[in-house]
Each structure stands twice: as structure tokens, then as C-alpha cells.
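# sequence first, then the predicted structure, then my questions.
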Amino acid sequence: MKPFVGRARELQRLKDLSTSGRACLAVIKGRRRIGKSRLAEEHGKDKIFLPFSGLAPVKGMTAQDQRNAFARELARLFHIPPLTFLDWSDAFAHLSRHLTKKPTVILFDEISWMGLKDPTFISKLKVWWDLVLQNHPSVLLILCGSISTWIDKNIINSTAFFGRVSLYLELTELSIPESRKLLDIQGFKGSTLDFFKILSITGGVPWYLEQIQVHQSADENIKRLCFEKNGLLVHEFERIFNDLFSSRGEIYKKIITLLSQGMKHRSALQRLVGYSPSGTLTQHLKALEICGFVSKHPDWSLKTGKPGKSTLYRLCDNYLRFYIHYIEPNLTKIEQNSLSDVPLSSLPGWEPMLGFQLENILLKNRSLLYKALGIHAQDIVMDNPYFQKASERKKGCQIDYLIQMHSNTIFVCEVKMRRRELSLEIIEAMKSKIASLQLPKGFGASPVLFYLGSISDALLSSRYFYRMIDIADLCD
């Protein structure tokens with residue numbers, strides 16, 4: 001079995017269900033490769049574990065194909081002759097005959113595929129739960145899926161399952177320390193810089209991290225996965241969008257591509273996509289948000305601390321952004337294996353891209369930033385990337401990360417990742433940003449530098465920054 005890292009809270013909540021003395025139903029959502037089924041497997045390792053998975057949709061696939069796949073897995077699990085089910089009720093009934101009083105975990109993975117093209121699947125699953133599984137107090141039924149919009153519509157927000165689901169889990173990426181631990185368990189011996197190079201492309205997605213070969217350097221791994229013909233991450237983007245969004249994949253890819261250029265308001269996206277004012281774009285953005293690819297960041301007033309009327313949307317998935325900027329434009333060269341000898345550092349904008357990707361990772365690990373600054377979440381009014389629009393009375397400015405405290409302290413945070421030494425020029429850039437900020441009366445701005453790499457003695461002794469935090473320390 002592959003190493004398992006993190007998810008302590010999620011495992012405890014599943015354990016609580018399995019020891020509750022009653023049949024329970026749990027739903028696990030999350031992006032592709034995030035480890036949903038692996039979490040269920042880890043929980044079920046000391047129990048009877050019965051995993052079933054839907055088949056990825058392809059042209060010509062029928063509901064019977066899905067039932068046949070279920071039947072084959074059932075026969076394999078219980079060492080019985082091959083079966084054929086023409087109806088999902090029959091399939092569920094046959095599985096019921098093999099249940100015992102021992103603690104059991106039943107996993108239906110990629111449930112949206114399992115119920116493909118059978119409009120009666122959900123209602124029959126509900127009847128099976130109500131009439132059969134509820135009478136098996138040792139059973140935990142886990143429903144998983146990457147198509148979170150389908151799960152929301154058909155399970156979470158469905159009247160059929162109202163009041164029946166005991167636990168909802170939405171898996172996010174592993175934290176920085178958890179990602180480092182997973183690589184260390186695999187035998188990774190690279191430097192902190194190598195680790196963050198890898199993380200800048202993979203994010204904290206467990207399956208991506210598991211593809212790292214520890215005898216290769218960070219650059220060699222990135223080349224093998226992203227810039228060689230048949231590299232595992234070369235065509236991952238297409239698989240994600242074909243599997244999740246099927247015929248609507250193109251419009252979702254267009255939105256993702258636009259957001260890869262930077263955060264945008266809904267109105268700007270609407271204009272660029274070419275949609276008329278309606279709820280369609282909002283629905284698409286919500287779907288991408290549910291899948292974990294896009295995050296939204298409300299504007300807010302420093303004076304009142306309250307959210308504004310507009311919201312900025314951000315592409316928060318590191319792999320997707322990396323694909324759009326570096327893999328997709330080079331697909332022809334990749335197919336010809338003509339990038340194998342090209343240094344990654346020679347690719348256009350490579351170092352700034354790594355810095356931006358690092359910033360994205362830090363935003364997903366805010367609790368680590370709070371700890372490094374010695375602050376607590378309950379003392380924070382708002383924290384997000386901050387954009388101040390230019391007007392006749394104020395300059396425009398963009399802050400990598402701004403934290404507004406109830407004490408009227410504003411932490412103005414800059415994120416830097418550089419191979420060369422960082423020196424005093426960063427102070428002038430930060431002074432310019434703070435001077436542009438329109439701070440309410442009585443507020444104070446404290447500059448903070450999160451850096452990866454080396455800093456000069458002059459910068460270290462300048463005493464300008466409230467804190468200079470080495471990102472390498474966040475790995476511990």
C-alpha cells in the first residue's frame with residue numbers, strides 16, 4: 001500500500017462514524033487525484049473494505065457497461081462466478097447478501113460515472129440505503145466523486161438523500177509540511193528549493209507528488225513529467241476537463257485560461273468570454289470553485305472591514321496554471337522530445353512564474369503564515385490578496401497578501417523566490433506600495449517579507465521589515 005500522510009481530522013471523523021453503532025453514509029468530494037478513494041482505503045484497512053468504481057465515460061458507453069463493471073468487482077471481491085445485473089436494484093441486493101456483522105466500509109468511487117445514463121440510479125440507491133443498509137449497523141457507505149457539481153445536485157442538495165448523509169468531507173491539497181513528509185517518506189533528499197520547485201507545479205496533490213522519482217533532481221522530475229512525450233502531466237489537463245465537464249469542457253478551459261493571466265472580476269470575465277448578462281457564467285464559476293480549481297476573493301474596505309460588492313476570481317490550482325503557461329504552448333516540441341536538453345531556467349518568465357506559484361501555495365497554507373507572524377485567526381478582520389483601484393484621489397496598487405487585524409494593524413506581505421540574493425531594492429518597492437495604500441486614520445502598516453533563497457546582510461540588518469520569514473521554515 002502507498003504511504004499515507006495527513007488527513008488526521010478526516011480519518012477521525014470517519015472513525016467516529018464507524019464506531020457510532022449505526023449504519024452511516026458519508027460523502028467525500030475533491031478534485032481529481034486529491035486522494036478521496038485513498039482516504040477511504042486508509043480508513044477501511046482494518047475493516048472489511050469493499051471498493052467499487054464507475055468507469056470513466058467514453059463514447060458509446062451504456063448504463064449496462066457500468067453495471068457490468070460493478071458485477072465484475074463484486075465477483076472478484078467475494079470469489080464468486082461472473083454475474084450479470086440488468087438493474088441496479090438487483091446489483092445492490094446481491095451485494096447485501098455478502099454483508100456480515102463485522103465492521104465494513106463500502107466505497108462507491110466516481111459515483112457520477114457509476115450512475116451514468118441511468119436516471120433511476122439515485123432513487124434505487126436511496127431505496128437500498130433506506131430498506132437494507134440502515135439495518136446493518138456495522139456498515140459505513142462512502143460515496144466519492146471528482147465531479148463535485150454532480151454530487152451537490154444529486155446527493156447533497158437532493159431531496160432523496162435529505163437527512164441521510166452523516167458526514168460531508170471536501171478534501172483539499174496537503175499542507176506544506178505534509179507534502180514534504182510525503183516526499184521524505186518516498187526517499188526524497190532534495191534541498192528546500194528543490195522541494196518548492198516541485199510543489200510549485202504539483203501543488204499539494206498527493207498523486208502528483210507520488211510520481212516524483214527520488215533519484216532525480218527537481219528539474220529532471222519536472223522535465224520527465226511535463227516536457228517529455230507521454231509525460232504523466234502532459235495530457236492531465238485534457239483528462240481533467242474531458243472527465244469532469246465533457247461537452248462543456250471548452251468553455252471551462254476558456255475561463256481557466258483567462259484566469260491564468262491574473263485575478264479578474266466577474267464583469268471582466270463576462271466581457272472576455274463573450275457572455276450576455278445572465279447566471280450562466282456564475283454557474284460555470286461556481287462549478288470550477290466546487291472542483292477546487294478557482295477561488296473567489298471579495299474586495300473589502302479597510303475603513304469598515306466589510307466586504308465590497310465586487311469579487312475577484314483566482315485560478316488557485318498550481319498544475320492548471322503551469323499547464324497553460326508552459327506545457328500547452330510547447331505541446332508540439334514536447335511531442336518531438338525537443339525540450340529534453342533545454343534548461344528550465346531558460347524558459348520565458350521561469351523565475352517570476354515560480355514566485356507566483358509559491359504565492360499561490362502560501363495562500364492555501366494561511367494557518368502556517370499566521371503562526372509565523374504570531375497572530376490568531378480570531379484577531380483577523382480580513383486577509384487576501386489586495387487590489388486598490390486607481391482614482392483621482394489615490395494610486396492603484398496590488399499587494400501579494402494583506403492581513404487586516406482588529407487592532408487596526410495592516411500586515412503588508414510580499415512573497416519572493418529568487419536564485420540570486422535578495423537585497424535592499426525590495427525595501428523601496430515595499431515603501432512604494434505602502435505609500436500608495438489609502439489607510440484609514442489611526443491604522444498602521446507593518447511590512448512583512450516571505451522569502452525563499454538568500455538575502456543580503458544589508459537587508460538583514462536594515463530592520464525595515466516587521467518580520468522576514470524564511471519560507472523554508474514552514475516545512476517543519
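Perfect, thanks for sending it.

# from here on, just use CA atoms for contacts and neighbour counts.
OK.

# can you pull out the strands in this protein?
Secondary structure of the chain, counting by DSSP state E: strands at 24-29, 48-53, 104-109, 139-145, 167-170, 264-265, 294-300, 307-315, 380-388, 397-405, 409-417, 444-452, 467-470.

# pull the residues that contact the fifth one.
The contact list for strand 167-170 (CA atoms under 8 Å, 6 or more residues apart in numbering) reads 10, 13, 25-30.

# now those residues: which count as buried?
Neighbour counting by 16 or more other CA atoms under 10 Å classes 10, 25-30 among those as buried.

# show me the two of these that sit farthest apart.
Using CA to CA, the two most remote members of the buried ones among the contacts of strand 167-170 are 25 and 30, lying 17.1 Å apart.

# any low-confidence regions in this protein?
1, 245-247, 277-278 (pLDDT under 70).

# mind listing what the closest residue to residue 401 other than its chain neighbours touches?
Distances taken as CA to CA, 6 or more residues apart in numbering place residue 385 nearest to residue 401, at 4.3 Å, with adjacent residues excluded. Contact partners of residue 385, counting by CA under 8 Å, 6+ apart, are 297, 398-402.

# ok, now with 6 Å
Listed by CA atoms under 6 Å, 6 or more residues apart in numbering, the contact partners of residue 385 are 399-402.

# how near is the nearest residue to residue 14 once chain neighbours are set aside to residue 105?
Setting aside the residues directly before and after it, residue 14 is nearest to residue 43 in space (CA to CA, 6+ apart), at 7.1 Å. Shown here: residue 43 relative to residue 105, a distance of 8 Å by CA to CA, to the nearest Å.

# more crowded one of these two?
residue 105 (24 against 18; other CA atoms under 10 Å).

# tell me the contacts of the more buried one?
Counting by CA under 6 Å, 6+ apart, the residues that residue 105 touches are 44, 49, 139-141.

# residue 467 contacts residue 448, correct?
Yes: Residue 467 lies in contact with residue 448 (CA atoms under 6 Å); the separation is 5.1 Å.

# so the two - more neighbours on which side?
For residue 467 and residue 448, the more surrounded residue by other CA under 10 Å is residue 448, and the numbers stand at 21 against 16.

# what bridges to the residue lying closest to that one once chain neighbours are set aside?
Nearest residue to residue 448, sequence neighbours excluded (CA to CA, 6+ apart): residue 413, at 4.6 Å. Beta-bridge partners for residue 413, by DSSP bridges, are residue 401, residue 448.

# which residues touch residue 413?
Residue 413 is in contact with 401-402, 448-449, counting by CA under 6 Å, 6+ apart.

# and the chain, what are its domain boundaries?
8-170, 174-364, 367-475 (automatic domain parsing).

# can you convert the ones you listed into a markdown table and add a column each for distance to residue 2?
Below are those laid out as a markdown table (distance: least, CA to CA, whole Å):
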| stretch | distance to residue 2 |
| --- | --- |
| domain 8-170 | 9 |
| domain 174-364 | 9 |
| domain 367-475 | 22 |
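
# and residue 187, how far from residue 3?
Between residue 187 and residue 3 the computed distance is 11 Å (CA to CA).

# all helices for the stretch 301-450 of the chain, in order.
Under the criterion DSSP state H, counting those that start in this stretch, the stretch 301-450 of the chain contains helices at 318-322, 331-335, 350-363, 366-373, 425-436.

# just the ones you listed: most buried one?
Mean neighbour count (mean count of other CA atoms under 10 Å) peaks for helix 318-322 among the helices of the stretch 301-450 of the chain, with a mean of 21.

# that one packs against which elements?
Applying 3 or more CA pairs under 6 Å, 6 or more residues apart in numbering; DSSP states H and E, we find helix 318-322 packed against helix 192-202.

# change it to 8 Å
Contacts defined by 3 or more CA pairs under 8 Å, 6 or more residues apart in numbering; DSSP states H and E place helix 318-322 against helix 192-202, helix 350-363.

# residue 357 contacts residue 319, doesn't it?
No: the pair residue 357 / residue 319 is not scored as a contact, 9.3 Å apart, by CA atoms under 8 Å.

# who touches both of those two?
Here residue 357 and residue 319 have 200-201 as joint contacts, going by CA under 8 Å, 6+ apart.

# next, the buried residues of stretch 186-195.
186, 188, 190, 192-193, 195.

# mind checking the end-to-end distance for that stretch?
Stretch 186-195 has an end-to-end distance of 13 Å (criterion: CA to CA).

# and the contacts of it?
180, 210, 213-215, 217-219, 452-453, 472.

# can we see that at 7 Å?
For stretch 186-195, contacts defined as CA atoms under 7 Å, 6 or more residues apart in numbering pick out 214, 218, 472.

# can you redo those residues as TSV with distance to residue 431?
What follows is the contacts of stretch 186-195, written out as TSV (distance: CA to CA, whole Å):
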residue	distance to residue 431
214	42
218	35
472	25
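
# for the residues you listed, which one is nearest residue 203?
The nearest one, if we look at the contacts of stretch 186-195 relative to residue 203 and count by CA to CA, is residue 218, at 13.9 Å.

# and the gap between the closest residue to the closest one other than its chain neighbours and residue 174?
Using CA to CA, 6+ apart and skipping residues adjacent in sequence, the residue nearest residue 218 is residue 194, 5.2 Å away. Going from residue 194 to residue 174 by CA to CA gives 18 Å.

# cool, residue 276 as well?
38 Å.

# those two: who's more crowded?
Between residue 276 and residue 174, residue 174 has the larger neighbour count (other CA under 10 Å), namely 21 against 10.

# now that one. Its backbone dihedrals?
The phi/psi pair for residue 174 (degrees, to the nearest 10) reads phi -60, psi 150.

# unless I'm mixing things up, it is touching residue 207, no?
No: taking contacts as CA atoms under 7 Å, residue 174 lies outside contact range of residue 207: 10.8 Å.

# quick check: the closest residue to residue 217 other than its chain neighbours vs residue 231, distance?
In space, and not counting its chain neighbours, residue 217 is closest to residue 190: 7.0 Å by CA to CA, 6+ apart. Counting by CA to CA, the gap from residue 190 to residue 231 is 21 Å.

# likewise for residue 179?
Note on residue 179: its distance to residue 231, by CA to CA, is 21 Å.

# beta partners of the nearest residue in space to residue 296 that is not next to it in sequence?
Once flanking residues are discounted, residue 296 sits nearest to residue 313: 4.4 Å by CA to CA, 6+ apart. In this entry, residue 313 is beta-bridged to residue 264, residue 296, by DSSP bridges.

# so what's residue 34 up against?
So residue 34 contacts 171, 173, 205-207 (CA under 7 Å, 6+ apart).

# can you do 10 Å?
Residues near residue 34 by CA atoms under 10 Å, 6 or more residues apart in numbering: 146, 170-174, 204-208.

# what subset of the residues you listed is buried?
146, 170-174, 204-206, 208.

# for the residues you listed, which one is nearest residue 429?
Of the buried ones among the contacts of residue 34, the one sitting nearest to residue 429 (CA to CA) turns out to be residue 204, at 30.5 Å.

# this completes my enquiry, with thanks.
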